[in-house]
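1. give me coordinates for this.
(one chain, ligands or ions: 2)
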Amino acid sequence: MNVVIIGASGYSGAELASLVAKHPHFSLEGCYVSEQSLDKDKLLSELYPEHTGLLDTLLLPLTEEAFSVIEQQADYVCLCTDHKVSVELAPKFLALGKKVFDLSGGYRLAKTSDYDTYYGFEHPYAQWLKQAQYGLAEWFAQDIANAQLIAVAGCYPTAALNALKPLKNANLLTDDQVIINAVSGVTGAGRKANIATHFCEVSLAPYGLFTHRHTPEIAQYLDHPVLFTPHLGNFPRGILETIYLTLKPGTRSEDIEKAYQVLADEPLIRLKGSTIPTIKGVVKQPYVDIGWQQQGEQLIVVVAIDNLLKGAAGQALQCMNIVNKKPSYVGLKGVC
Ligand SMILES: NC(=O)C1=CN([C@@H]2O[C@H](COP(=O)(O)OP(=O)(O)OC[C@H]3O[C@@H](n4cnc5c(N)ncnc54)[C@H](OP(=O)(O)O)[C@@H]3O)[C@@H](O)[C@H]2O)C=CC1
Ligand SMILES: CC(=O)N[C@@H](CCC(=O)OP(=O)(O)O)C(=O)O
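-> Ligands and ions are numbered 1, 2, ... in the order given. Below you'll find the model as predicted:
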């Protein structure tokens, strides 16, 4: 399959380009940036010298002519662009008959009103929003396989949903809100310069209290209310979430272990029982690490992922493998 990446100079785009370039079934046909980009006509490996030899690929401007080239060349188009940019680009590539894998949040939520509330823009393509398939690889593989537009799951939601859906599906949660405290490395905020992510400014602080756009995303796909608070930490990559919940009375440790068995055979999920996952354990790895400890009716679940792999490019590649009718872990296990 021929793959084109839009937004290839960004953190998730470059990560995905490197995965595609090494993949046994995919060929990296084109790497694009915006027409006005300061990086156009540079080699991707100039920006990411660790990929010298692998990604000596020109960053091309996404001009009108580029769309014709992509129409001829590409089977899969990956949008590693900001939400608003993706919202506008996806229908154009869909109209060309391409399979579109959007790493942004532009097509993840069911209700257009949530875009007004949480994204700050009116969603213009309700029809495509209805047809988009949420790309949470371990949970929706069958629907992903047949979709034309895949809205790859968000980074924080990927961790939260894999940690919580087994418990929800086993009917172990009370109706209480689940509390999710998350911390992310700074690559989560993207590559463009921003004072809030400046090296000298970042320490450890929460942000987006009550308003972060991943709140409705987690609640929608968990079908349960959540109180989600992200924090920015002063390290480059990785996400760790500490999740507090109340179990139904009488829930035994065996019930929890049994609930998590639904993920036991997933090659990219590592169930760690009472061992607490760490960011160190997942950085540059494609896995979700999940651990938990129980005290009576209280359960604390800790989950860790690499935001750029399982939280973005790794999961996008899983979705591409699924659409290509291959095991989702191809090109990911043993990635580093
Ligand atoms: N970083 C992360 O951990 C995660 C990110 N995501 C999502 O993935 C998307 C990309 O994120 P990230 O990689 O961090 O972002 P970056 O800011 O690092 O990269 C954005 C890329 O988009 C390009 N771009 C901007 N405008 C356009 C345009 N109009 N046409 C084509 N290309 C354009 C930029 O290049 P230039 O501006 O030079 O044109 C750059 O290559 C976002 O929607 C984000 O929410 C999802 C999960 C995790
Ligand atoms: C640290 C940081 O800023 N993280 C980003 C989330 C990462 C991301 O890009 O969000 P999606 O997964 O929805 O695409 C944020 O909070 O906006």
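
2. quick check, K92 in a helix?
-> Yes: assignment of K92 by DSSP: H, G, I helix; E, B strand; the rest coil places it within a helix.

3. what's the neighbour count on the closest residue to it other than its chain neighbours?
-> With sequence-adjacent residues excluded and distances taken as CB to CB, 6 or more residues apart in numbering, K92 is closest to F67, at 6.8 Å. For every residue, glycine as well, the C-beta is placed using N, CA and C. Burial measure for F67: 14 neighbouring residues, criterion other CB atoms under 10 Å.

4. okay, and F67 sits in which element?
-> Here F67 sits within helix 64-73, counting by DSSP states H and E.

5. kindly state the pLDDT recorded for the residue nearest to K92?
-> Confidence at F67, expressed as pLDDT, is 98.

6. so it versus Q142, what's the distance?
-> Spatial separation of F67 from Q142 under the definition CB to CB, to the nearest Å is 31 Å.

7. okay, strands next: where are they in this structure?
-> Per DSSP state E, the chain carries strands over the ranges 2-6, 27-33, 59-61, 76-79, 99-102, 133-135, 149-152, 178-184, 204-206, 226-233, 239-246, 269-271, 288-295, 298-305.

8. tell me what the first one is packed against?
-> To tie it back to what came earlier, the one meant is strand 2-6. helix 11-22, strand 27-33, helix 64-73, strand 76-79 (3 or more CB pairs under 8 Å, 6 or more residues apart in numbering; DSSP states H and E).

9. run a quick neighbour tally on the closest residue to E122 other than its chain neighbours.
-> Using CB to CB, 6+ apart and skipping the chain neighbours, the partner closest in space to E122 is D116 (6.0 Å). Taking other CB under 10 Å as the neighbour definition, D116 ends up with a count of 12.

10. next: S68.
-> Here the number of neighbours of S68 (other CB under 10 Å) works out to 11.

11. try I276
-> I276: 16 surrounding residues under other CB under 10 Å.

12. so what's it up against?
-> Under the criterion of CB atoms under 8 Å, 6 or more residues apart in numbering, the contact partners of I276 comprise G291, Q293, V302.

13. so how far is ligand 1 from it?
-> In this structure, I276 and ligand 1 are 23 Å apart, going by CB to the nearest ligand atom, to the nearest Å.

14. A66 now?
-> 10 Å.

15. leaving out the residues flanking it, which one is nearest to the residue in the chain that ligand 1 sits nearest to?
-> Checking the chain residue by residue against ligand 1 with CB to the nearest ligand atom singles out G10 as nearest, at 1.9 Å. Of all residues beyond its chain neighbours, the one nearest G10 is R191 (5.1 Å), with distances taken as CB to CB, 6+ apart.

16. likewise for Y156?
-> Residue nearest to Y156 in three dimensions, not counting chain neighbours: H214, with 4.6 Å by CB to CB, 6+ apart.

17. hang on, that neighbour packs against G154?
-> Yes: using CB atoms under 8 Å, H214 is in contact with G154, at 5.3 Å.

18. quick one, which of those two is more surrounded?
-> Ranked by neighbour count (other CB under 10 Å), H214 and G154 place G154 first, with 27 against 23.
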